[in-house]
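Chemist: need a 3D model of the following:
(one chain, ligands or ions: 1)
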Amino acid sequence: MRRPQRRAVAKQSRAKDGDEIRLLEAWIDAGKPLPGTKPPPPSEESSAANARVRARDVVAKAAAGDYSDYGASTRFDELPLSQKTKDALRKAGYKEMSEIQRAALPHALCGHDVLGAAKTGSGKTLAFVIPVIEKLYREKWSQEDGVGCIILSPTNDLAGQIWEVVRKVGKHHNFSGGAIVKRTGIEQEKERINSLNILVCTPGRKQILVLDEADQILDKNFKSQVDIILSQIPKARQTLLFSATQTKSVKDLARVSLKNPEYISVHEQASTATPDNLEQCAMIVPLEQKLNMLWSFIKRHLKSKILVFLSSVKQVKFVYEIFKKLRPGIPLKCMHGRMKYEVQQAIVAEFSESTSVLFSTDIFARGLDIGNVDWVVQVDCPESVALYIHRVGRTARYNKKGKSLIFLCPQEERMLEKLKATESKIPINVRKPKVEQLEQISQNVAAVLVKFPNLQQLGKRAFVTYLKSVYLQGDKEVFDLSRFSAENFAAYASSLGLPVTPKIRFVSHKKNVSKKDMKDIDVKQMKHKAEVIEINPQVNRDMLADDGPDDDILYPKKPNTDANIYGLDDILSPKVPGSDTHMEPEKIEELAARPLKKKKLKINMHRPVGTRVKYDDEGNAIDPLASLAEEVGPEDVIHKDKILQRYAEMLREMQEDDKEDKAQHKKSLHEKKFEKKMKLKRRRQEETDAVSDDSGSESDRNQNMSSKGKKKYLNNSDDDEGGDAAKGGDLLAQQEALALKLLGKMHD
Ligand SMILES: Nc1ncnc2c1ncn2[C@@H]1O[C@H](COP(=O)(O)OP(=O)(O)OP(=O)(O)O)[C@@H](O)[C@H]1O
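Modeler: Reported below is the predicted structural model:
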């Protein structure tokens, strides 16, 4: 009895959908905006109550065949959208449209191609998700119809986030969909992909094509994958491209075959390219002071949610591990592309909910939508103004307030000029930090490295990868290693707690380095520098000179301007009245969040050196290196000579390690050379044998020899590059064939 009843309900529902679809199509067609038009400014009389009445009016009129011009709508419920979508939007709290949504939705709904540009956090995701869902609904797309839309995004996290929005808005519809985010398992995913209607994925795979962060998707890093997708999807499709920094390259646009696209750039006339509620500052910070500056900043903002950008995975890992050991008094997290997707998701969720500091690579720079980030701190210079805009756009999202701070080395001041240039439209203030208030943590970092030798390795790699990243940057006006002196490198290594400056081999080993680039680093000079170990590198006072009263980044003056910061600061870092925060270089630093408490000093002589933060009778933290002393008196807890002695030992150990490394390297080179020689010898022997066996003509013989020789060369395992390239080529060919097969099947 039940089945016929259910069938009847389904039939009824289909009929209802059919009626709604006819109404929507007629409405969309009758009221569609003219190409190239923008919505008029919203009218004044748009109170919530008025808006609701107006929305009901619009729908009632449409039902009666009197179709309004929806291009002027300000609310989602005034648009020709299905009831299911409207219900989902209302439940999610979306009522009023943002500027980009008002401008793009009417065009996208009536099938125009769109090239949309709007500031970060301005709601571009809904501007493409709604038309996708509506188009598939109006076309009665079902599971059996396979993939109806591909949304391409540059990272897995972003794909996951977009999928969540699709799910939220499409929850009353019957589409299937998902985010394909795993790097492996495509074979297993095949079945699933074929049954999905909306596919959110990173480039690797199709009717409506959406490119989020379009300028990045179309750049050279994704070229081969995107070209495969573009070659497989029908040209008769709708294409939507969105980004905060939209591509204007004709070549890019030709590649995606846009047909008379609507170029919608809602903030083109705006005076700034970044959100209006974003307060932006820059500080000139010498390379060797960056870590101190970051630490001091974090210590002063213990109640804020801070996103910190660093240039490489190694940097992120190193800074995270070191700061974790030094315990600044705020939870720390880190995020980079080498983490499993599930772990990344968990970190994003945790960071969304709690006050903490998240150290991240640029995997987080674009698109990710995390609520209430107070500060974005760019410790390492972004590769371009566009990347700067995306990074700072992780805060001040959708009418919320936010602040950003960028550290630039004096050698990177050209970036500051670029940011301040009129065409960049970035309102950025330059602040000078107060040197006497900068906490020097190099000793503490060095102590941590003594205890955790694996961190020493990480520190070395962080050092090298940072310099490598600068070296490999394309914009040589900003990134030029020759502007850094050997002293800069040594001081930087020292600031990372490294007793010697690691060697930078990549400079001389890089094949495509131009002669000019080779001059960029005076390698010899750098080699000499290693012996200088500064325990307390002096701050470049000119650079960090006090610049009067307007610096409120590290040390906000008015408690009211950032009440949280000051309140917490008073508890955690009690200052002796009158002494303020001034610190002499030798002065013991306070490292951990502890209330004032009388404590007996106990030193465990069996613990590894420099390991735990200890407190004196006053409750002040004692520098970890103080535990090197055999006896600790109340006045003199730091035995500088012991520290120096330990450093000298470390230096000796590292030099010995280095010697061993070199010997090992030399030995392995020697072995390789010998092996190669032997192989060559064997080959010649075989060839001689072959010639003596051969009864063919001279030319045949030559041919045989050369082809034989060639084959051997390709298979020669000694030749890493040739072997890898061949393997890489095979792999690429296999992947392309697989992708083509997969897409071909989906298309069928
Ligand atoms: N009409 C709206 N009403 C209220 N909130 C909205 C509206 N549209 C979007 N939002 C919210 O604004 C935030 C930012 O939106 P979204 O992530 O789409 O920004 P974006 O323009 O894509 O930013 P980015 O360029 O950084 O990727 C999200 O939290 C989203 O839920």
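
Chemist: got the residues of the protein near the ligand?
Modeler: Counting by Cβ under 6 Å from any ligand atom, the chain comes close to the ligand at 94, 96-98, 101, 118, 120-126, 244, 367, 369, 393, 397-398. Bear in mind the C-beta positions are built from the backbone N, C-alpha and C, glycine included.

Chemist: list only buried entries from the residues you listed.
Modeler: Buried subset of the residues of the chain next to the ligand (neighbour count, 16 or more other Cβ atoms under 10 Å): 94, 97-98, 101, 118, 120-126, 244, 367, 369, 393, 397.

Chemist: mind checking which of those are in helices?
Modeler: Within these, residues falling in helices by DSSP state H are 101, 124, 125, 126.

Chemist: check contacts around the first one.
Modeler: Contact partners of residue 101, counting by Cβ atoms under 8 Å, 6 or more residues apart in numbering, are 123, 126, 127, 130.

Chemist: the strands in the stretch 1-150 of the chain, which residues?
Modeler: Listed in chain order, the strands of the stretch 1-150 of the chain (DSSP state E, counting those that start in this stretch) span 114-117, 149-152.

Chemist: now the first one: average pLDDT?
Modeler: What it means is strand 114-117. Taken as a whole, strand 114-117 carries a mean pLDDT of 92.

Chemist: residue in the stretch 451-600 of the chain nearest to the ligand?
Modeler: Taking Cβ to the nearest ligand atom, the ligand has its nearest neighbour within the stretch 451-600 of the chain at residue 475, 22.2 Å off.

Chemist: in this structure that residue contacts residue 381, no?
Modeler: No - using Cβ atoms under 8 Å, residue 475 makes no contact with residue 381, being 9.6 Å away.

Chemist: more neighbours: which of those two?
Modeler: Per other Cβ atoms under 10 Å, whichever of residue 475 and residue 381 has more neighbours is residue 381, with 25 against 14.

Chemist: separation between the more buried one and the ligand?
Modeler: Counting by Cβ to the nearest ligand atom, to the nearest Å, the gap between residue 381 and the ligand amounts to 20 Å.

Chemist: tell me where the model's unsure across the stretch 351-500 of the chain.
Modeler: Counting by pLDDT under 70, the stretch 351-500 of the chain shows no low-confidence range.

Chemist: swap that for the stretch 51-200 of the chain, please
Modeler: Ranges of the stretch 51-200 of the chain meeting pLDDT under 70: 51-52, 180-197, 199-200.

Chemist: mind listing the helices for it?
Modeler: Under the criterion DSSP state H, counting those that start in this stretch, helices of the stretch 51-200 of the chain are mapped to 83-91, 99-109, 124-138, 156-169, 186-194.

Chemist: just the CA coordinates of the longest one, formatted as CSV?
Modeler: When you say that, I think you mean helix 124-138. C-alpha atoms of helix 124-138 as CSV (Å, rounded to 0.1, in the frame of the first residue of the first chain):
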residue,chain,number,x,y,z
LYS,A,124,32.5,35.4,-4.1
THR,A,125,31.8,31.7,-3.2
LEU,A,126,28.0,32.1,-3.1
ALA,A,127,28.2,34.2,-6.3
PHE,A,128,29.1,31.0,-8.1
VAL,A,129,27.6,28.2,-6.0
ILE,A,130,24.0,29.6,-6.3
PRO,A,131,24.0,29.7,-10.1
VAL,A,132,25.5,26.2,-10.3
ILE,A,133,22.8,24.7,-8.1
GLU,A,134,20.1,26.6,-9.8
LYS,A,135,21.2,25.6,-13.3
LEU,A,136,21.4,21.9,-12.5
TYR,A,137,17.9,22.1,-10.8
ARG,A,138,16.4,23.9,-13.8
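
Chemist: what angle separates it from helix 156-169?
Modeler: Counting by axes from the mean of the first three to the mean of the last three Cα atoms, to 10 degrees, helix 124-138 points 50 degrees away from the direction of helix 156-169.

Chemist: what angle sits between helix 124-138 and helix 83-91?
Modeler: Using the same axes, to 10 degrees: helix 124-138 against helix 83-91 is 160 degrees.

Chemist: hang on, residue 209 in a helix?
Modeler: No - read with DSSP: H, G, I helix; E, B strand; the rest coil, residue 209 is strand and lies in no helix.

Chemist: that one: neighbour count?
Modeler: 22.

Chemist: contacts only, for the residue lying closest to it once chain neighbours are set aside.
Modeler: What sits nearest to residue 209 in space, not counting adjacent residues and going by Cβ to Cβ, 6 or more residues apart in numbering, is residue 239, at 4.9 Å. The neighbourhood of residue 239, defined by Cβ under 8 Å, 6+ apart, consists of 113, 114, 208, 209, 210, 211, 256, 257, 258, 261.

Chemist: run the last query once more with 7 Å
Modeler: Residue 239 is in contact with 113, 209, 256, 258, counting by Cβ atoms under 7 Å, 6 or more residues apart in numbering.

Chemist: and these, which is closest to residue 357?
Modeler: The nearest member of the contacts of residue 239 to residue 357, counting by Cβ to Cβ, is residue 209 at 38.0 Å.

Chemist: out of the contacts of residue 239, which is nearest to the ligand?
Modeler: residue 209 (17.4 Å).

Chemist: thought that closest one was touching residue 148?
Modeler: No - Residue 209 is beyond contact range of residue 148, at 10.7 Å (criterion: Cβ atoms under 7 Å).

Chemist: now for residue 372, how many residues are close by?
Modeler: 14.

Chemist: who's in contact with it?
Modeler: 305, 400.

Chemist: quick check: residue 41 vs residue 99, distance?
Modeler: Residue 41 is 10 Å from residue 99, where distance means Cβ to Cβ, to the nearest Å.

Chemist: next, give phi and psi for residue 142.
Modeler: For residue 142, the backbone dihedrals are phi -130, psi 170 (criterion: degrees, to the nearest 10).

Chemist: roughly how far apart are the closest residue to it other than its chain neighbours and residue 14?
Modeler: Of all residues not flanking residue 142 in the chain, residue 174 sits nearest, at 7.3 Å (Cβ to Cβ, 6+ apart). Taking Cβ to Cβ as the measure, residue 174 falls 11 Å from residue 14.

Chemist: can you pick out the residue with more neighbours from the two?
Modeler: Neighbours were counted for residue 174 and for residue 14 using other Cβ under 10 Å; residue 174 has more, 14 against 11.

Chemist: if we can go back for a sec, farthest pair in the ones in helices among the buried ones among the residues of the chain next to the ligand?
Modeler: Farthest pair in these, by Cβ to Cβ: 101 and 125, 9.7 Å.

Chemist: as PDB, could you dump the C-alpha coordinates of the host helix or strand of residue 455?
Modeler: Secondary-structure assignment from DSSP states H and E places residue 455 in helix 453-472. Output in PDB follows, covering the C-alpha atoms of helix 453-472 (Å, rounded to 0.1, in the frame of the first residue of the first chain):
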ATOM      1  CA  PRO A 453      69.600  18.100  18.300                       C
ATOM      2  CA  ASN A 454      67.000  17.200  15.700                       C
ATOM      3  CA  LEU A 455      65.800  20.800  15.900                       C
ATOM      4  CA  GLN A 456      69.300  21.900  15.200                       C
ATOM      5  CA  GLN A 457      69.000  20.000  11.900                       C
ATOM      6  CA  LEU A 458      65.600  21.600  11.300                       C
ATOM      7  CA  GLY A 459      67.100  25.000  12.100                       C
ATOM      8  CA  LYS A 460      69.800  24.500   9.500                       C
ATOM      9  CA  ARG A 461      67.300  23.500   6.900                       C
ATOM     10  CA  ALA A 462      65.000  26.400   7.800                       C
ATOM     11  CA  PHE A 463      68.000  28.700   7.300                       C
ATOM     12  CA  VAL A 464      68.900  27.200   3.900                       C
ATOM     13  CA  THR A 465      65.300  27.000   2.600                       C
ATOM     14  CA  TYR A 466      64.700  30.600   3.500                       C
ATOM     15  CA  LEU A 467      67.700  31.800   1.600                       C
ATOM     16  CA  LYS A 468      66.800  29.400  -1.200                       C
ATOM     17  CA  SER A 469      63.300  30.800  -1.400                       C
ATOM     18  CA  VAL A 470      64.600  34.300  -1.600                       C
ATOM     19  CA  TYR A 471      67.100  33.200  -4.300                       C
ATOM     20  CA  LEU A 472      64.500  31.500  -6.400                       C
END
